[in-house]
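*Asks:* Everything below, folded, please.
(chains A, B, C and D)
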Number of protein chains: 2
Amino acid sequence: MGSFYKVTKGIVLVFRSLNDGARQIVGLHSIGDLCGYLEKDGAYNFSGEALTDVEACSFNRRRFDSFVARNPDLASALADDMRDKLKRAAENMAVLGRLKSPERVAYFLLQLSDVYSSKIGLSDPLQLHLTREQIADHLGLRLETVSRAFARLKEERLIAFVGGDAVTILDRKRLASFARLSAV
Amino acid sequence: MGSFYKVTKGIVLVFRSLNDGARQIVGLHSIGDLCGYLEKDGAYNFSGEALTDVEACSFNRRRFDSFVARNPDLASALADDMRDKLKRAAENMAVLGRLKSPERVAYFLLQLSDVYSSKIGLSDPLQLHLTREQIADHLGLRLETVSRAFARLKEERLIAFVGGDAVTILDRKRLASFARLSAV
DNA sequence: CGGTTAATTGATCCTGTTCAAACTAAGTGG
DNA sequence: CCACTTAGTTTGAACAGGATCAATTAACCG
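*Replies:* Prediction:
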């Protein structure tokens, strides 16, 4: 708890476990994202798992906080980042609470391509890096359902598979309207 | 967008609407909580609805931000608050993604009683203030399902109804383990 | 007391889960 | 180079939990 980390390379999957072992994936953290910064009460609230090779930079919390205190610009940048995270979190709530399985997967793909293109650059053949099970844990579904949802999106000509682990979004616009949430 | 608000009395329900009118309630804001502070890109991301009579205090965003910049203590208090909100948001994701209807309602009641006791003081007969539909929008369910879940919790002797709109938690501990999430 | 809104209860339907089997792709070792 | 594994994915069939539609009851208010 003395430190937190800033991802400098790769993708980290952040999740929360329930008592019985089921888990809910809470977010994908990539280059520039902080892991473990949002912790409180002396314990990490979430767990992380590297999806790809990951490099990260460790910060001493106390020293960082006091540095932030002396640098208002940094403080406001951090606040912006949190705003963004909170917005995403709320969006995800709507996804989990209101969307049907193919809509959730559509949303997930758009979100992932968004993360990739902003953090890593380019993403036409969109590399998933996640197994069906991890996607399922993210979307509050089972892996079989995710698989069927992919089949459905493919059948609708919204996406196409590229090799084993990658996907191309054929019609971004239609995919977005398929996932009934305006944003992304 | 020039201002945001701090609730000084009552309870505000914060939600996000989908394109088709369905809505996902994202949180309950009560005394001390800020509404509209976490906005970005020149537009409010969420809508609010007063559950009770509400009084709030309006702040000019720009002036407030510059005040925060000069008061590191305030900045860190705000950061703490956001941390907490983000934690709750992630928790809610797990609720929406993994819990069955009676578990969700159990969680909701614990969370509500938590908000009340910390913000308003006392909550034995826990006043709901929300209709079944609002609760349903919060938990990603339909009102009929919420009603049945309440019946179930009552039948299990975990809660009891008090008059029209209030509930007593009979066995807090058992209710918490019923909602399979450790926290609250 | 009638009239309105919210809550409950019931029956049916649909979506996603569960369990199980088959299939694929990528190793690994003979 | 080919059988044999192994992890992940797809597909199928039966089942369960919520959604949906509809009818009834309860609570509130003028």
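*Asks:* is chain B contacted by the helix ranked longest in chain A?
*Replies:* With DSSP state H applied, the helix covering the greatest number of residues in chain A is identified as helix A:72-98. Yes - contact between helix A:72-98 and chain B, assessed by C-beta under 8 Å from any C-beta of the partner chain, occurs at A:72, A:75-76, A:78-80, A:82-87, A:89-94, A:96-98. Backbone N, C-alpha and C define where each C-beta goes, glycine included.
*Asks:* of the residues you listed, buried ones?
*Replies:* A residue is treated as buried here by neighbour count (16 or more other C-beta atoms under 10 Å in any protein chain shown); on that basis the buried members of these are A:72, A:75-76, A:78-79, A:82-83, A:85-87, A:89-94, A:96-98.
*Asks:* What residues does chain A have near DNA strand C?
*Replies:* Chain A has residues A:100-102, A:140-142, A:144-145, A:148, A:164 near DNA strand C, with proximity defined as C-beta under 7 Å from any atom of the strand.
*Asks:* Show me those residues that map onto helices.
*Replies:* Counting by DSSP H, those contribute A:101-102, A:144-145, A:148 to helices.
*Asks:* which of those residues has the most neighbours?
*Replies:* With neighbours defined as other C-beta atoms under 10 Å in any protein chain shown, the most crowded of those is residue A:102; it has 21 neighbours.
*Asks:* and residue A:112, helix, strand or coil?
*Replies:* Classification of residue A:112 using DSSP: H, G, I helix; E, B strand; the rest coil returns helix.
*Asks:* show me the contacts for it.
*Replies:* Going by C-beta atoms under 8 Å, 6 or more residues apart in numbering or on different chains, residue A:112 touches A:28, A:123, A:126, A:128.
*Asks:* what's near enough to touch the first one?
*Replies:* Taking C-beta under 8 Å, 6+ apart as the definition of contact, the neighbours of residue A:28 are A:11-14, A:51, A:111-112, A:115.
*Asks:* Okay, now the unreliable bits of chain A?
*Replies:* Applying pLDDT under 70 to chain A picks out residues A:1, A:40-43, A:182-184.
*Asks:* List the contacts of residue A:113.
*Replies:* Taking C-beta under 8 Å, 6+ apart as the definition of contact, the neighbours of residue A:113 are A:123, A:126, A:169.
*Asks:* Looking at the residues you listed, which is nearest DNA strand C?
*Replies:* residue A:126 (17.2 Å; C-beta to the nearest atom of the strand).
*Asks:* In which helix or strand does the nearest residue to residue A:3 once chain neighbours are set aside reside?
*Replies:* With C-beta to C-beta, 6 or more residues apart in numbering or on different chains as the measure, residue A:58 is the residue that lies nearest to residue A:3, at 5.0 Å, once sequence neighbours are left out. If you go by DSSP states H and E, residue A:58 is part of strand A:55-60.
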